[in-house]
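# Provided below are the primary sequence and the corresponding predicted coordinates.
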Amino acid sequence: MKDEIHFQVSNYYDELSSIYDEIFDDSVSRAEDLIISEVLSQLIHEGFHVLDCGCGTGLGKELISAKNVHYHGIDISKKMIEQARAKHPDSTFHISDMADLSHYEDESFDAIISINGSFSHVHDPTPVSNEMYRVLKPGGKLLTMVYSRYSLGRLLHSWRHGVLTKEALYSVRNADNEVLVPASFYDRGRLLKTFSKFKNHEIDCLNIMAELIRLNLSLSISLKIMKLERRLPITIRQLAHALTITCEK
């Protein structure tokens with residue numbers, strides 16, 4: 001099962017690699033990027049060694065405001081890594097599964113990030129969390145972004161079709177909805193359990209409403225709405241398209 005999912009996910013993103021940046025060049029995605037960039041500015045500082053798990057075409061490198069960082073990106077999609085290397089020749093990229101970080105020594109990184117839902121394509125999250133913990137330095141920071149189980153979009157789908165599971169087939173935003181990829185969906189409790197080895201957990205939301213009405217929103221309006229949503233109680237924030245967790249070793 002694990003190998004089959006690994007193949008499906010890598011093949012899915014291989015097929016998207018040449019247009020991936022283009023399909024995410026919309027106001028909602030850009031607003032999400034700006035919020036993630038703000039969070040990263042608080043976690044990542046000059047001189048940090050940073051590991052980006054599920055790096056895609058290297059968006060994480062672009063969102064880090066600190067200039068003098070030692071950035072390493074890994075992804076299971078060969079073609080995504082090819083795109084990343086072409087865009088960021090000054091950074092290090094490897095084709096690798098985030099569940100196996102054996103090529104990195106213990107306590108190698110000051111920060112680990114996994115954005116744009118990459119962690120949601122992991123079949124078994126516990127070994128991945130353990131590997132992240134192992135290669136992170138004491139006091140090091142972790143930021144992970146996952147798809148929310150109780151997003152408004154999924155709740156509406158469940159109301160129509162009667163299904164709201166922790167695992168389902170998924171299509172990334174603006175892609176061909178007939179081509180799907182296995183994904184896992186998280187709520188607050190599952191996130192805390194997955195990263196229970198870490199401490200000082202903070203869970204936040206990313207995009208409750210803009211995901212549903214994105215065709216009518218400008219970048220500035222999308223960003224304003226998302227920032228307001230992040231002030232809501234956590235029970236409401238779980239209605240977001242994605243959840244983020246920050247914690248430390």
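Okay, I see it.
# just give the strands next to the top strand by length along the chain in its sheet, each with its orientation.
If you go by DSSP state E, the chain has its longest strand at strand 136-147. Here strand 136-147 is paired, per DSSP bridges, with strand 109-114 (parallel), strand 242-248 (antiparallel).
# could those strands be laid out in a markdown table, adding distance to residue 218?
For every residue, glycine as well, the C-beta is placed using N, CA and C. Shown next, in a markdown table, are the strands paired with strand 136-147 (distance: least, C-beta to C-beta, whole Å):
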| stretch | distance to residue 218 |
| --- | --- |
| strand 109-114 | 27 |
| strand 242-248 | 21 |
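# of all the ones you listed, which lies closest to residue 24?
Closest to residue 24 of these is strand 242-248 (C-beta to C-beta; 13.1 Å).
# show me which helix or strand of this structure is least confident by mean pLDDT.
The least trusted helix or strand in the chain, going by mean pLDDT, DSSP states H and E, turns out to be helix 152-161, with a mean of 73.
# can you name the element that comes right after it?
strand 167-170 (DSSP states H and E).
# deepest of the strands paired with strand 136-147, which one?
strand 109-114 (a mean of 25; mean count of other C-beta atoms under 10 Å).
# the most centrally placed residue in the chain and residue 236, how far apart?
Geometric centre of the chain, nearest residue: residue 115, 2.3 Å, by C-alpha atoms, centre = their mean. Distance, residue 115 to residue 236, using C-beta to C-beta, to the nearest Å: 23 Å.
# for residue 54, which non-adjacent residue is closest in space?
Closest residue to residue 54 apart from its sequence neighbours, by C-beta to C-beta, 6 or more residues apart in numbering: residue 118 at 2.3 Å.
# an error on my part: the question was meant for residue 192.
Closest residue in space to residue 192, ignoring its immediate chain neighbours: residue 201 at 6.0 Å, by C-beta to C-beta, 6+ apart.
# so that neighbour sits in a strand?
Yes - remark: residue 201 belongs to a strand, assigned using DSSP: H, G, I helix; E, B strand; the rest coil.
# list the buried residues in the helix ranked longest in the chain.
For the chain, the longest helix by residue count, based on DSSP state H, is helix 27-43. Going by neighbour count (16 or more other C-beta atoms under 10 Å), the buried part of helix 27-43 is 27, 28, 29, 31, 32, 33, 35, 36, 37, 39, 40, 43.
# list of residues touching that helix?
Outside helix 27-43, the residues that touch it by C-beta atoms under 8 Å, 6 or more residues apart in numbering are 59-60, 63-66, 111, 113, 115, 141, 143, 145, 173-174, 204, 206-207, 210-211, 214, 217-219, 221-223, 226-227, 230, 242, 244, 246.
# could you do stretch 213-222 as well?
So stretch 213-222 is contacted by 26, 27, 28, 30, 31, 210, 225 (C-beta under 8 Å, 6+ apart).
# apply 6 Å and report the result again.
27, 28, 30, 31, 210 (C-beta atoms under 6 Å, 6 or more residues apart in numbering).
# OK, contacts around the last one?
The one in question is residue 210. 28, 217, 222, 225.
# do a quick rundown of the strands in the protein.
Under DSSP E, the chain gives strands at 49-53, 70-75, 92-95, 109-114, 136-147, 167-170, 181-184, 199-206, 242-248.
# weakest of the ones you listed by average pLDDT?
When these are compared by mean pLDDT, strand 167-170 comes last with a mean of 86.
# list the buried residues in it.
Buried residues in strand 167-170 (16+ other C-beta under 10 Å): 168, 170.
# tell me the strands beside it, with direction?
Partners of strand 167-170, by DSSP bridges, with direction: strand 181-184 (antiparallel).
# any stretches of this structure with poor pLDDT?
Scanning the chain for pLDDT under 70 picks out the ranges 1-2, 157-163, 177, 214-215.
# before we move on, the earlier item: between the strands paired with strand 136-147, which gets nearest to residue 125?
strand 109-114 (10.7 Å).
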